[in-house]
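Engineer: Okay, sequence plus prediction incoming.
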Amino acid sequence: SLHSLLNPFAAVSAMGAGLIFSCERTAKEEAPLGWRLLPSGRFAHTRDHAVEAAGRAGYELVSYEEIVPRMERGEEVRGHLFTFVLGEGGGGKGDEL
């Protein structure tokens with residue numbers, strides 16, 4: 001899950017640290033849980049699910065863009081590009097390193 005991926009990043013990052021990532025995009029109607037497994041074997045996430053998971057880890061959304069990260073069998077793959085910053089409520093343990 002995105003939660004298990006983003007929480008460790010926050011735990012070792014300093015306040016104000018940036019986090020930029022992309023993932024495949026799906027619609028809420030296609031993924032009621034916020035994510036789904038695609039026929040390609042990759043996971044796709046809704047925008048809201050990614051923002052919520054990052055927020056739980058203490059990240060604040062700075063920018064968002066819908067992108068085409070690659071082509072697959074001649075078709076555009078729908079994706080997201082997120083930029084977050086670790087806020088006051090985040091892990092922030094990187095400050096202690």
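Structural biologist: Right, received. Where do you want to start?
Engineer: What residues does the closest residue to E60 other than its chain neighbours make contact with?
Structural biologist: By the measure of Cβ to Cβ, 6 or more residues apart in numbering, the closest residue to E60 outside its immediate chain neighbours is G87, 4.6 Å from it. From N, CA and C alone the C-beta is placed, and that goes for glycine too. Going by Cβ atoms under 8 Å, 6 or more residues apart in numbering, G87 touches M15, G58, Y59, E60.
Engineer: How many neighbouring residues does the third one have?
Structural biologist: What it means is Y59. Look at Y59: counted by other Cβ atoms under 10 Å, it has 26 neighbours.
Engineer: residues contacting the residue nearest to it when sequence neighbours are not counted?
Structural biologist: Spatial nearest neighbour of Y59, chain neighbours left out: F84 (3.7 Å); criterion: Cβ to Cβ, 6+ apart. Residues in contact with F84 (Cβ under 8 Å, 6+ apart) are G18, L19, I20, A54, Y59, E60, L61, V62.
Engineer: part of a helix, is H49?
Structural biologist: Yes - H49: assigned to a helix according to DSSP: H, G, I helix; E, B strand; the rest coil.
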